[in-house]
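Asks: need a 3D model of the following:
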Amino acid sequence: MNKVTPAKPAGTRNVDEITGSRRLRRMRKADWSRRLVRETRLTVDDLIWPIFIVEGNDLRVPIDAMSGVFRLSVDQAVREAERAAGLGIPAIATFPNVELSLRDQTGSNILDPDNVINKATRAIKEAVPEIGIITDAALDPFTSHGHDGILREGIIVNDETVEQVAAAAVLQAAAGSDIIAPSDMMDGRIGAIRDALDANGFQDVAIMSYATKFASAFYGPYRDAIGTAGLLKGDKKTYYLDHANTDEAIREAEQDLAEGADMLMVKPGLPYLDIIRRLKDEFAIPTFAYQVSGEYAMIKAAAANGWIDGDKAMLESLLAFKRAGCDGILTYFAPQVAEMLKA
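Replies: This is a model prediction of the structure:
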């Protein structure tokens, strides 16, 4: 008896008619084939490790909101730099927690050649000369009010702040910083820093501009880490970017490049992948993202509660930066990721 094939309803097509010979799932069927055609890869060369520095000796002070992250005395920072170099991490970024007695309205301690950040730079460079050191010339860790600039009658004054930031950048370069990464978002700071570095013989010191730093809710744990959480009066919306704006971010980046920036940074990271992609497409310049403290804390907290697989979420988030166009990522996960990639 002949088998009867049921007739298809009028106007319908089978899968072969829809796809022809194309079956996109073919290359997903096995781990080896997925690896073979993977478009984006994360390597240890993509990592920059931010660390926090405090005065003292043999100190590793845990930061409550950032599980696994510590404030380190200079000697401990040297040890961690040695560990980073051993893992193949190209660079570290240092941020100080300055004693309250040294903070004032103008952040004057940033101009001390022997402040904690410059001492850390010298010590790390002496012990681990092969690792890159990135320093921030912004004033917020040094001010008594927690703002990134000099406060006059309730206003962050731009030009006076720029002058001080540029002077601080020279001191940081003299201590051994390889890259100055000013995060203050003052107008004209990149040009002033470039001129000051060049005039003082530091032509080879690069500038990584926080070109697009947004007024974000994701900075909370960082402010705790540097000791400004309880100091900040008001907000930073008069100088950080409005997080609703993308064209303004492009204009900020364009201005910083014209003034001499060698690299661009987007901060925060994951909520601003569209900005990363726009900058990379527009300027084709080395572009970085800062996976900020709030992003880190959310992943760690959700993992601690068993809501997500922390390692997988961490790697997926970092790969997202690469896929968006990043050349590198500042992340507190750096040593953990480097260990995983090494295994």
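Asks: in contact with residue 87, which residues?
Replies: Shown in contact with residue 87 (Cβ atoms under 8 Å, 6 or more residues apart in numbering): 44, 335, 338, 339, 342. (Each C-beta comes from the backbone N, C-alpha and C, glycine too.)
Asks: number of residues surrounding the last one?
Replies: What it means is residue 342. Residues lying near residue 342 (other Cβ atoms under 10 Å) number 10.
Asks: okay, the contacts of residue 87 in JSON lines with distance to residue 329, secondary structure and pLDDT next?
Replies: JSON lines is the format used below for those (distance: Cβ to Cβ, whole Å; DSSP: H, G, I helix; E, B strand; the rest coil; pLDDT from 0 to 100):
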{"residue": "44", "distance to residue 329": "11", "secondary structure": "helix", "pLDDT": "97"}
{"residue": "335", "distance to residue 329": "13", "secondary structure": "helix", "pLDDT": "98"}
{"residue": "338", "distance to residue 329": "12", "secondary structure": "helix", "pLDDT": "97"}
{"residue": "339", "distance to residue 329": "16", "secondary structure": "helix", "pLDDT": "96"}
{"residue": "342", "distance to residue 329": "17", "secondary structure": "helix", "pLDDT": "86"}
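Asks: ok, of the residues you listed, which come out buried?
Replies: For these, a burial check counting by 16 or more other Cβ atoms under 10 Å picks out 44, 335, 338.
Asks: format these as JSON lines; extra columns: distance to residue 289.
Replies: Shown next, in JSON lines, are the buried ones among the contacts of residue 87 (distance: Cβ to Cβ, whole Å):
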{"residue": "44", "distance to residue 289": "17"}
{"residue": "335", "distance to residue 289": "18"}
{"residue": "338", "distance to residue 289": "17"}
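Asks: list just the nearest of those residues to residue 254.
Replies: The closest of the buried ones among the contacts of residue 87 to residue 254 turns out to be residue 44 (Cβ to Cβ; 31.5 Å).
Asks: pretty sure that closest one contacts residue 89?
Replies: Yes: at 6.2 Å, residue 44 and residue 89 qualify as touching, with contact defined as Cβ atoms under 8 Å.
Asks: give the residues shared as contacts by those two.
Replies: In terms of Cβ under 8 Å, 6+ apart, residue 44 and residue 89 are both contacted by the residues residue 338.
Asks: just the helices in the stretch 101-250 of the chain please.
Replies: Assigned by DSSP state H, counting those that start in this stretch, the stretch 101-250 of the chain shows helices spanning 116-127, 158-175, 189-199, 220-225, 247-259.
Asks: could I get the buried residue list for the fourth one?
Replies: It stands for helix 220-225. 221, 222, 223, 224, 225.
Asks: cool, the first one as well?
Replies: Of the residues in helix 116-127, 116, 117, 118, 119, 120, 121, 122, 123, 124, 125 count as buried by neighbour count, 16+ other Cβ under 10 Å.
Asks: can you redo the residues you listed as JSON lines with pLDDT and distance to residue 21?
Replies: Converted to JSON lines, these look like this (pLDDT from 0 to 100; distance: Cβ to Cβ, whole Å):
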{"residue": "116", "pLDDT": "98", "distance to residue 21": "65"}
{"residue": "117", "pLDDT": "98", "distance to residue 21": "61"}
{"residue": "118", "pLDDT": "98", "distance to residue 21": "64"}
{"residue": "119", "pLDDT": "98", "distance to residue 21": "66"}
{"residue": "120", "pLDDT": "98", "distance to residue 21": "61"}
{"residue": "121", "pLDDT": "98", "distance to residue 21": "60"}
{"residue": "122", "pLDDT": "98", "distance to residue 21": "64"}
{"residue": "123", "pLDDT": "98", "distance to residue 21": "63"}
{"residue": "124", "pLDDT": "98", "distance to residue 21": "58"}
{"residue": "125", "pLDDT": "98", "distance to residue 21": "59"}
